[in-house]
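Participant: structure for the following, please:
(chains A, B, C and D)
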There are 4 protein chains.
Amino acid sequence: MPWEFKLTRRVEFAETDMAGIVHFSNFFRMMESTEHAFFRSLGFTIHEHGPGATTGWPRVSATCDYRAPLRFEEEVEIHLLVAEVRTRSIRYEFIFCKTESGTEVARGQLSAVCATVEKATGKLVPIPIPDAIRAAITPAPREKLSVELRTS
Amino acid sequence: MPWEFKLTRRVEFAETDMAGIVHFSNFFRMMESTEHAFFRSLGFTIHEHGPGATTGWPRVSATCDYRAPLRFEEEVEIHLLVAEVRTRSIRYEFIFCKTESGTEVARGQLSAVCATVEKATGKLVPIPIPDAIRAAITPAPREKLSVELRTS
Amino acid sequence: MPWEFKLTRRVEFAETDMAGIVHFSNFFRMMESTEHAFFRSLGFTIHEHGPGATTGWPRVSATCDYRAPLRFEEEVEIHLLVAEVRTRSIRYEFIFCKTESGTEVARGQLSAVCATVEKATGKLVPIPIPDAIRAAITPAPREKLSVELRTS
Amino acid sequence: MPWEFKLTRRVEFAETDMAGIVHFSNFFRMMESTEHAFFRSLGFTIHEHGPGATTGWPRVSATCDYRAPLRFEEEVEIHLLVAEVRTRSIRYEFIFCKTESGTEVARGQLSAVCATVEKATGKLVPIPIPDAIRAAITPAPREKLSVELRTS
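Facilitator: Numbers count the residues shown, from 1 in each chain, chains lettered A, B, ... in the order given. Now for the predicted structure:
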């Protein structure tokens, strides 16, 4: 489906902190990994090297609500939903659940803007989402999305 | 002041990604470092080992809005403001500015709940904020806070 | 085979740095992930919670030689070989190759000591490797190991 | 002195793991931060953007021996010594000590090669160390270096 994707992974030791749980910042890395795997599943890459410029997806905003601790070696399923597709940006929702128990661990959002990075200057310039990507990605039906989540 | 704190640090190489800028997840680590330095400045630690239990501050939610890229070796000033003090939780606001230019780079929020971690089971149990900490930390005046930021 | 293991994974964006390649410190995290997956494949975990103490494998030494850059979205095969099993410690060798081209990217070593962490004090005490683990793990035949690599 | 440098920093929460100590991979990041601060102290940067190419210092090898655990909020002094300066590469030694107790925590080495990264292709090409850098950096006297440490 062009509006959802699931990634399953196991928590690694280096992702935990001295409180014995996954460090909260690592949930943002897991969201990103899922977004990138979603792009790969559609035949795209999130980071395209062209002549003179690189196309990427810098972040506009990121949020996460934490509901239960996630621990070393637990398997987590990360469910990506496309929440909104605009001219230059996409917003995703993510739901993290433990594979074994189904316990919801966290919910998050990521908004990213399509942009080129000029190689000479390193400057980021927002651009319209390329047609091929726009054609392949659709927002999820409204009822699939979390209404309680903040909008960006 | 018991409702604000500033931390200044220089961006390290390992914090950047192949887009040439600080990876967005690292802003959450910088928020946390600032929160912890704020606690130290008041004579507290964020992670207290007691007999049979550890007191800590697991995160309830985290958000960040990104406004400008931050690059290797740039110095960034992270301004913490106490936005809200509840019975069991504290909410902070953070503003990231480049020291040299004053450019605002990002704004974020962190909500953390005071909790004990039972050593035997690893279970997290929310507790009222200890009196000494409550006495030392006050919410910032309303007009100092970002109204446009989402509330948790 | 009780003396080798292979883990295949794809490079994630957050593992790269502004030089456009995997940050050198992340090779150590990949070695560790492979070691832990090796333990799981034998039915063990690297971090065992017992009453009053936790058994783990703190590192004694770690080395890595870098031969070719590894980039975003490349798939890498990490080959673990058990180099030495002592009373209290194990030494592993690792060879990193790109799945597609077979190019060798890096070679490393990890020495870890079996130890208990006393929960009350956090003190690390080396202990003999438990019999079940010792019975399951054998050093690789000498000719499989890299002679040019430093010994720990 | 052009052959040594000291960096002092405090351990951050996100650098710890569930064993309650600094994750072993983070010692490599601390070595790198010290190397970069050493360069800055001499008026250089480790990552120079030129027209068409970037000059950097990719790693050839990295090693670390761990002697004592390092914990959250402990202050650590990282002592860099220039061990060897070759035509295209530099080798450093690092000694990590706790500021308060003087306890030696770890010792490591880093070998880095001076190289340009062609912006168009991303290819790394080793080059002779620029004269200005060569003039400013000298190997430490032999008796200052750890003889027991492996040579690269």
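
Participant: residue ranges with poor pLDDT in chain A?
Facilitator: Low-confidence segments of chain A (pLDDT under 70): A:1, A:119-120, A:147-152.

Participant: chain C contacts on that one?
Facilitator: A:12-14, A:29, A:32-33, A:36, A:40, A:45-47, A:72-73 (Cβ under 8 Å from any Cβ of the partner chain). Yep, even glycine has a C-beta here, placed from its N, CA and C like the rest.

Participant: make TSV out of the residues you listed and add neighbour count and distance to chain B.
Facilitator: Below are the residues of chain A next to chain C laid out as TSV (neighbours: other Cβ atoms under 10 Å in any protein chain shown; distance: Cβ to the nearest Cβ, whole Å):
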residue	neighbour count	distance to chain B
A:12	18	15
A:13	20	15
A:14	22	13
A:29	20	5
A:32	25	7
A:33	18	11
A:36	22	12
A:40	14	16
A:45	14	12
A:46	20	10
A:47	20	7
A:72	20	11
A:73	16	13
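
Participant: which one of the residues you listed is nearest residue D:24?
Facilitator: residue A:14 (9.0 Å; Cβ to Cβ).

Participant: surely residue A:82 touches residue A:136?
Facilitator: No - the criterion here is Cβ atoms under 8 Å, and residue A:82 misses it with residue A:136 at 10.4 Å.

Participant: contacts for the longest helix along chain A?
Facilitator: Ranked by number of residues, the top helix in chain A under DSSP state H is helix A:26-41. Contacting residues not belonging to helix A:26-41 are listed as A:5-7, A:9, A:15, A:45-46, A:57, A:62, A:64, A:66, A:76, A:78, A:80, A:92, A:94, A:96, A:106, A:108, A:110, A:112, B:24-25, B:28, C:12-14, C:73 [Cβ atoms under 8 Å, 6 or more residues apart in numbering or on different chains].

Participant: got it, and stretch A:110-121?
Facilitator: A:28, A:31-32, A:35, A:50, A:52-62, A:88-92, A:94, A:123-130, A:133, A:152, B:19-20, D:51, D:119.

Participant: how about 6 Å then?
Facilitator: Stretch A:110-121 is contacted from outside by A:31, A:52-62, A:88-92, A:124-127, A:129, A:152, D:119, using Cβ atoms under 6 Å, 6 or more residues apart in numbering or on different chains.

Participant: same question, stretch A:102-109
Facilitator: Contacts for stretch A:102-109 (Cβ under 6 Å, 6+ apart): A:27, A:31, A:63-68, A:70, A:93-97.

Participant: again, only using 8 Å
Facilitator: A:27-28, A:31, A:61-70, A:76, A:83, A:91-98, A:146, A:149-150, A:152.

Participant: now residue A:130: how far from chain B?
Facilitator: Counting by Cβ to the nearest Cβ, to the nearest Å, the gap from residue A:130 to chain B is 17 Å.

Participant: check contacts around residue A:18.
Facilitator: Taking Cβ under 8 Å, 6+ apart as the test, what residue A:18 contacts is B:47, D:13, D:16, D:17, D:18, D:19, D:20, D:21, D:71, D:72.

Participant: so how many other residues sit close to residue A:66?
Facilitator: 23 (other Cβ atoms under 10 Å in any protein chain shown).

Participant: roughly how far does it sit from residue B:61?
Facilitator: Using Cβ to Cβ, to the nearest Å, residue A:66 is found at 7 Å from residue B:61.

Participant: same deal with residue A:104?
Facilitator: If you go by Cβ to Cβ, the gap between residue A:104 and residue B:61 works out to 14 Å.

Participant: ok so, going back, need the residues touching each of residue A:82 and residue A:136.
Facilitator: Contacts common to residue A:82 and residue A:136, judged by Cβ under 8 Å, 6+ apart, are residue A:2.

Participant: compare those two and say which is more crowded by neighbours.
Facilitator: Neighbour totals were compared for residue A:82 and residue A:136, and residue A:82 leads with 22 against 14 (other Cβ under 10 Å).

Participant: for chain A, just list every one of the helices.
Facilitator: Under DSSP H, chain A gives helices at A:26-41, A:131-136.

Participant: can you say which of those is packed in most?
Facilitator: helix A:26-41 (a mean of 22; mean count of other Cβ atoms under 10 Å in any protein chain shown).

Participant: so how far is that helix off the chain centroid?
Facilitator: 5 Å (Cα atoms, centre = their mean, to the nearest Å).

Participant: again with stretch A:58-72
Facilitator: The answer for stretch A:58-72 is 10 Å, by Cα atoms, centre = their mean.

Participant: likewise for stretch A:89-97?
Facilitator: 6 Å.

Participant: contacts for it?
Facilitator: A:27, A:30-31, A:34-35, A:57, A:60, A:70, A:76-84, A:103-114, A:126, A:129, A:137, A:140, A:145-146, A:149, A:152.

Participant: need the buried ones from these selected in ChimeraX.
Facilitator: In ChimeraX, a selection of the buried entries from these looks like this (16 or more other Cβ atoms under 10 Å in any protein chain shown):
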select /A:27,30,31,34,35,57,60,70,76,77,78,79,80,81,82,83,84,105,106,107,108,109,110,111,112,113,114,129,137,140,145,149,152
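
Participant: in strands only, show me the contacts of stretch A:89-97.
Facilitator: In strands, defined here by DSSP state E, the members of the contacts of stretch A:89-97 are A:60, A:76-84, A:104-113, A:126.

Participant: and residue A:125, how close does it get to chain C?
Facilitator: 19 Å.

Participant: ugh, typo on my part, it should be residue A:133
Facilitator: 16 Å.

Participant: surely that residue and residue A:44 touch.
Facilitator: Yes - between residue A:133 and residue A:44 there is a contact at 5.9 Å, judged by Cβ under 8 Å.

Participant: overlap in contacts, the two.
Facilitator: Joint contacts of residue A:133 and residue A:44 (Cβ under 8 Å, 6+ apart) do not exist.

Participant: which residues does residue A:126 bridge with?
Facilitator: residue A:115 (DSSP bridges).

Participant: how much space separates it from chain B?
Facilitator: 13 Å.

Participant: contacting residues around that residue?
Facilitator: A:88, A:89, A:113, A:114, A:115.

Participant: and which of those is nearest chain D?
Facilitator: Distance to chain D across the contacts of residue A:126 (Cβ to the nearest Cβ) is lowest for residue A:115, with 18.0 Å.

Participant: what's the neighbour count on that closest one?
Facilitator: 19.

Participant: and if you look at the one 3 residues further on?
Facilitator: Applying the criterion other Cβ under 10 Å, we find 12 residues in the vicinity of residue A:118.

Participant: residue A:121 too?
Facilitator: Residues near residue A:121, counting by other Cβ under 10 Å: 9.

Participant: what about it, distance to chain C?
Facilitator: Taking Cβ to the nearest Cβ, one finds residue A:121 at 14 Å from chain C.

Participant: how close does that residue get to chain B?
Facilitator: 11 Å.

Participant: and residue A:136, by the same measure?
Facilitator: 22 Å.

Participant: cool, and residue A:143?
Facilitator: As judged by Cβ to the nearest Cβ, residue A:143 and chain B stand 23 Å apart.

Participant: what of residue A:22?
Facilitator: 11 Å.

Participant: contacting residues for that residue?
Facilitator: Here residue A:22 is in contact with A:11, A:15, A:16, A:69, A:70, A:71 (Cβ under 8 Å, 6+ apart).
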